[in-house]
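In: sharing a model prediction with you, sequence too.
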Amino acid sequence: MKQEAKLILKNLIKSGADDVAIQGQASTASQIKYSNSKINATKNWELDLINIFVAKDNCLVSTTLRDLSEDSAKKTALKLMKFVKAAPKNESYRGIAKGPFKYPDIKQMYDPEIENLGEGAIKIVENALNQAEQLDAKRAAGVFESFFSKSFVLTSNNVDVEQKETGVYFSVRGFASKNASGHMVAVSRLLNKFDYLDAVKKAVQIAKDSLNPKPVESGKYDILFDHLPFANLLDYFGNAMSVFTVEAGLSCLEGKIGKNVANEKFDLSDNGTLTNGFNSTKFDEEGVPTKNTKIIDKGVLKTYLHNTSSAIRYDTTTTANAGIVSPSAHNLVLKAGNSSKEQMLSSLKKGIYITNIWYTRFQNYHTGDFSTIPRDGAFLVEDGKIVKPVKDIRITDNLINIMKSVSRLGKKRKQIFGWEVETPVITPMAIVNDVNVTKSEK
């Protein structure tokens, strides 16, 4: 595949392209779905593809190629040059990074045990289901996925870099009854760092504690967000940090560089080099070496996420977050606090402990107004003690207001990733004061 990519690169440069960036990936993956405490579907697949970006006189085109034959490579180069000459100009485009570069040595990105997991994947799911049964769950449902990939980036600006990666992802929902459930995930790049049985234990315990939930009055509550729901909100906050969403008018952080956008306890970084980070990578889509970028320092927004082109427009340097078109975070990391879960609960006078949310929807991306629905276990807390599980509530608030109202952070962090959290987030639990809670509509 890389030879075909080099042929495409050579032909595009020969045909007069100003900038070319090619990302290739060859991957294998497996998925096991289970429900009612039984495995009911398995899937394995292989995917080879090449993404090609071409610029000529500020006209830009991109495509994805899955037919990787030499003949296809030659035809693709010819077609792309025809397309780029007919494309409209993008006056904001400022080019891609100039290499070569020296790349970081990122620890815990690849594990041969995951690459060769095979039937071991079934054993992992069976272990999880046995654990759920031993903990008296009525049933369990979820998914286990694993992957191995080799990827590379080639550009017309002297970039030629490659890497190999593995990863495992596990999602479990435990049920104590039809209306009492708990959810947790586990992710890792290494098998011996994969704490999926802890995820089962937590999900089942939340479910058992959630039996017979009751409605609660609308109003302002101090909320203890567990790792899973706070990661969901931080993921959306991270999306707002991309210069692409800022320029598209879809970010609540537009015009807020140097301003307070969160509580002074709040230190948030994007770390593409994080050890065992689920989205850690040596390079971005331009081949720029990744790094650890402080985005919010003591509540103050320091930078947007940039590629080379946007960084030139903003008179700054790239944060190594290309997306050539849309920069995005690698691993969002929130600095931990010094409180235990017990200390955080005991500090709540009138509060709600929320373990999961879903259907997070924005009424206005630019202002940050959103609503979300607590899912699985949620609990009313009075005078520092859990009083009862609750149901039929909705959080209706503002994303910046949430981050500014963080009053306490836990000392234990978890790495969260999944369908509701598309960017890996490493976060502690968080207490947010005076959150607006309303009745959910069925």
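Out: Everything's here; your move. Numbers count the residues shown, from 1 in each chain.

In: tell me which element residue 294 is part of?
Out: When secondary structure is defined by DSSP states H and E, residue 294 falls within strand 292-297.

In: from the middle of its chain, how far away would that strand be?
Out: 16 Å (Cα atoms, centre = their mean, to the nearest Å).

In: for the stretch 301-442 of the chain, which segments count as helices?
Out: 308-313, 341-346, 399-404 (DSSP state H, counting those that start in this stretch).

In: which residues touch the last one?
Out: For helix 399-404, contacts defined as Cβ atoms under 8 Å, 6 or more residues apart in numbering pick out 233, 236-237, 240, 252-253, 260-263, 266, 299, 368-370, 432, 435. For the C-beta atoms, the positions are set from N, CA and C on the backbone; glycine is no exception.

In: let's see that with 10 Å instead.
Out: 223, 225, 230, 233-234, 236-237, 240, 252-253, 256, 259-264, 266, 268, 296, 299, 301, 360, 362, 365, 367-370, 395, 398, 430, 432-436 (Cβ atoms under 10 Å, 6 or more residues apart in numbering).

In: what about it, average pLDDT?
Out: The average of the pLDDT scores along helix 399-404 is 98.

In: the second one too?
Out: Averaging the model's pLDDT scores along helix 341-346 yields 97.

In: show me what that helix is packed against.
Out: strand 219-225, strand 350-354, strand 378-382, strand 385-391, strand 406-418, strand 421-439 (3 or more Cβ pairs under 10 Å, 6 or more residues apart in numbering; DSSP states H and E).

In: among those, which comes closest to residue 43?
Out: Of all the helices and strands packed on helix 341-346, strand 406-418 sits nearest to residue 43, with 17.6 Å by Cβ to Cβ.

In: mind listing what's buried along that closest one?
Out: Neighbour-count burial for strand 406-418, counted by 16 or more other Cβ atoms under 10 Å, picks out 406, 408-410, 413-418.

In: which among the contacts of helix 399-404 count as buried?
Out: 223, 225, 230, 233-234, 236-237, 240, 252-253, 256, 260-263, 266, 268, 296, 299, 301, 360, 362, 365, 368-370, 395, 398, 430, 432-433, 435-436.

In: show residues contacting the host helix or strand of residue 9.
Out: Per DSSP H and E: residue 9 is located in helix 2-14. With Cβ under 10 Å, 6+ apart as the test, helix 2-14 has contacts from 17-24, 26, 48, 50-52, 54, 56, 65, 67-78, 80-81, 84, 150, 152-156, 160, 162.

In: flag the shaky bits of the chain, pLDDT-wise.
Out: 67, 441-442 (pLDDT under 70).

In: quick check: longest helix of it.
Out: Assignment by DSSP state H gives helix 70-86 as the longest helix of the chain.

In: so after it, what's the next helix or strand?
Out: Counting by DSSP H and E, the next helix or strand C-terminal to helix 70-86 is helix 112-115.

In: other SSEs contacting that next one?
Out: Right, helix 112-115 is packed against helix 120-134, strand 139-155, strand 159-177 by 3+ Cβ pairs under 10 Å, 6+ apart.

In: ok, now with 7 Å
Out: strand 139-155, strand 159-177 (3 or more Cβ pairs under 7 Å, 6 or more residues apart in numbering; DSSP states H and E).
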